[in-house]
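Visitor: fold the following and give me the result.
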Amino acid sequence: MSDNLIFNSMDNPVPAVRKDIQLIPLQYNGDRVLYVHDIMEYIPSDFALNPHVESFLTLFNGRFSIQRILAMVEGQIDGQDLLQFVQLLDKNCLLESPNYRETARQKEEAFELSPARGAALAGNSYPEDPDELEKYLSDLFSPFTCSESVQFPEKALYAPHIDPKAGGDVYAKAFSVLRTLTPERVVILGTSHYAGCYPELYANTPFIGSRKIFELPNGRIPTDSGYLEELERAGETIGYTAQDRAHRIEHSIELHLLFARHIWQHDFSVVPILVNSFEDLFYFPESYLREQLERFFSFLKAADDNNTFYLISGDLAHVGKKFGDKIPAAEMKKDVESFDRKFIQSATDNNPDELFRLLHDFSDRYRTCGFPPLYTFLKAFSGLKGTEIDYHWWDETERESAVSFGAISY
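Guide: Below is the predicted model of the structure:
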């Protein structure tokens with residue numbers, strides 16, 4: 001933050017409140033507060049506001065000056081107090097301001113220059129202390145052993161990336177079947193949730209890699225430099241970029257590595273690839289994107305060997321009011337589960353064309369985020385057979401929303 005970038009005018013329009021942040025009412029130490037959630041993590045994680053200021057925030061729309069706002073609220077607040085409040089918001093990156101843009105630039109560039117990618121979810125989704133994490137994971141996995149009724153995957157595992165607090169049992173059941181494997185290389189195809197936040201970087205780029213070492217509380221995992229170099233040489237022709245800004249806060253790869261590192265005690269390297277949305281294919285099936293995808297599928301197949309295992313990170317449906325539906329998720333459950341069963345059947349049958357048709361015909365109505373990475377894998381490895389391991393519906397009742405997820409071995 002630079003003080004000379006902080007808003008300091010009574011007459012110029014106050015910068016608008018960022019549209020990509022959420023104000024969430026919470027109880028904290030007996031008091032009601034507005035917790036400010038920033039998906040991009042530019043705002044401090046513990047930042048909250050008094051709920052009484054919410055009405056003022058609607059006036060910070062990029063058009064009104066402080067003098068104009070003072071006239072509108074008719075003496076409800078002193079001018080200097082209002083300026084100081086605006087400056088507080090600006091310093092903490094709540095406003096679409098020069099300070100916010102500079103802070104974001106510095107944070108993103110610092111990440112890009114770093115040789116390592118730290119654990120973004122440690123201390124939140126799972127324990128940060130290594131000893132506490134080991135106990136947490138051991139307790140989570142203890143009920144699950146390698147059951148003879150589950151087909152051990154020879155080549156791949158499709159598993160969720162939902163918060164472990166909601167899907168811990170499914171993670172443990174799915175990753176437990178990997179205990180006997182010792183791959184030297186693990187290619188991870190994970191849903192990219194944040195590529196759309198950087199349209200200038202990732203337009204026409206479906207695959208996003210990273211060379212960074214992954215640093216987790218339970219170990220460091222290096223990347224496979226040779227494999228990544230081959231990807232970079234192919235570059236734009238296969239829709240691949242090593243510009244890894246989208247990896248900074250992404251959870252889809254981190255959570256898989258957390259559980260893989262617990263299951264596998266041997267050394268292995270990772271090829272972390274985030275997979276962007278394929279939505280354009282629904283409307284332009286013969287586009288340049290299709291050409292890139294076909295070449296990428298061929299690359300994956302050609303680069304495969306007996307020492308490579310594939311983790312495919314994706315959830316299923318995201319429904320309810322939290323995700324933009326007009327009705328609660330509970331009222332959609334029957335239809336969503338019917339759709340999910342068809343999705344899982346197509347996936348276990350290794351029928352990517354049917355998977356695509358299913359998403360296309362429903363216009364991805366249920367926001368199936370695991371489709372792009374799973375489709376990518378199935379198109380590259382057509383000869384494999386899948387076995388369903390688990391399926392679960394997580395109902396976030398208080399927000400009238402739900403996420404479904406499951407696991408498949410190949």
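
Visitor: quick one: residue 50 from residue 30, how far?
Guide: 14 Å (C-beta to C-beta, to the nearest Å). Placement of C-beta: from N, CA and C, glycine included.

Visitor: now residue 247
Guide: Per C-beta to C-beta, residue 247 is found 39 Å from residue 30.

Visitor: of the two, who's got more company?
Guide: residue 247 (26 against 5; other C-beta atoms under 10 Å).

Visitor: surely that one is in contact with residue 274?
Guide: Yes - counting by C-beta atoms under 8 Å, residue 247 does reach residue 274; the two are 6.5 Å apart.

Visitor: what do the two both touch?
Guide: 208, 253 (C-beta atoms under 8 Å, 6 or more residues apart in numbering).

Visitor: what about the helices in the stretch 151-300 of the chain?
Guide: 164-176, 199-202, 225-234, 252-263, 280-283, 288-303 (DSSP state H, counting those that start in this stretch).

Visitor: now do the last one: which elements does it pack against?
Guide: To tie it back to what came earlier, the one meant is helix 288-303. Helices and strands touching helix 288-303, by 3 or more C-beta pairs under 8 Å, 6 or more residues apart in numbering; DSSP states H and E, are helix 225-234, helix 280-283, helix 371-380.

Visitor: most tightly surrounded among those?
Guide: Greatest average neighbour count among those goes to helix 371-380 (a mean of 24), per mean count of other C-beta atoms under 10 Å.

Visitor: what angle separates whichever helix or strand comes after that helix from helix 164-176?
Guide: The helix or strand immediately downstream of helix 371-380 is strand 387-396, counting by DSSP states H and E. Counting by axes from the mean of the first three to the mean of the last three C-alpha atoms, to 10 degrees, strand 387-396 points 180 degrees away from the direction of helix 164-176.

Visitor: name the residues of strand 387-396 that are buried.
Guide: 388, 389, 390, 391, 392, 393, 394, 395 (16 or more other C-beta atoms under 10 Å).

Visitor: got it, and stretch 259-279?
Guide: 259-264, 268-278.

Visitor: show me what the strand or helix carrying residue 54 is in contact with.
Guide: Element membership for residue 54, per DSSP H and E: helix 54-57. For helix 54-57, the surrounding residues in contact (C-beta under 8 Å, 6+ apart) are 17, 23, 34, 69, 73, 77, 82, 85.

Visitor: now for the very next helix or strand once past it, which elements pack on it?
Guide: Next in sequence after helix 54-57, counting helices and strands by DSSP H and E, comes helix 66-73. Under the contact definition 3+ C-beta pairs under 8 Å, 6+ apart, helix 66-73 sits against helix 79-91.

Visitor: which other residues reach the helix it packs on?
Guide: 1, 6-8, 10, 14-15, 17, 53, 56, 60, 66-67, 69-70, 77, 95, 97, 99-100.

Visitor: now do that helix against helix 66-73, angle only.
Guide: 120 degrees.

Visitor: state the next helix or strand along the chain beyond helix 79-91.
Guide: helix 98-113.

Visitor: quick check, residue 309 in a strand?
Guide: Yes - the assignment for residue 309 (DSSP: H, G, I helix; E, B strand; the rest coil) places it in a strand.

Visitor: which non-adjacent residue is nearest it?
Guide: Using C-beta to C-beta, 6 or more residues apart in numbering and skipping the chain neighbours, the partner closest in space to residue 309 is residue 183 (3.7 Å).

Visitor: now that neighbour: how far from residue 208?
Guide: 22 Å.

Visitor: more neighbours, these two?
Guide: residue 208 (27 against 19).

Visitor: pretty sure the more buried one contacts residue 241?
Guide: Yes - contact criterion C-beta under 8 Å: residue 208 and residue 241 qualify, at 5.8 Å.

Visitor: what residues do those two have in common as contacts?
Guide: By C-beta under 8 Å, 6+ apart, the residues touching both residue 208 and residue 241 are residue 202.

Visitor: so residue 65 makes contact with residue 15?
Guide: No - Residue 65 lies out of contact with residue 15 (C-beta under 8 Å); the separation is 11.1 Å.

Visitor: sounds good, over and out.
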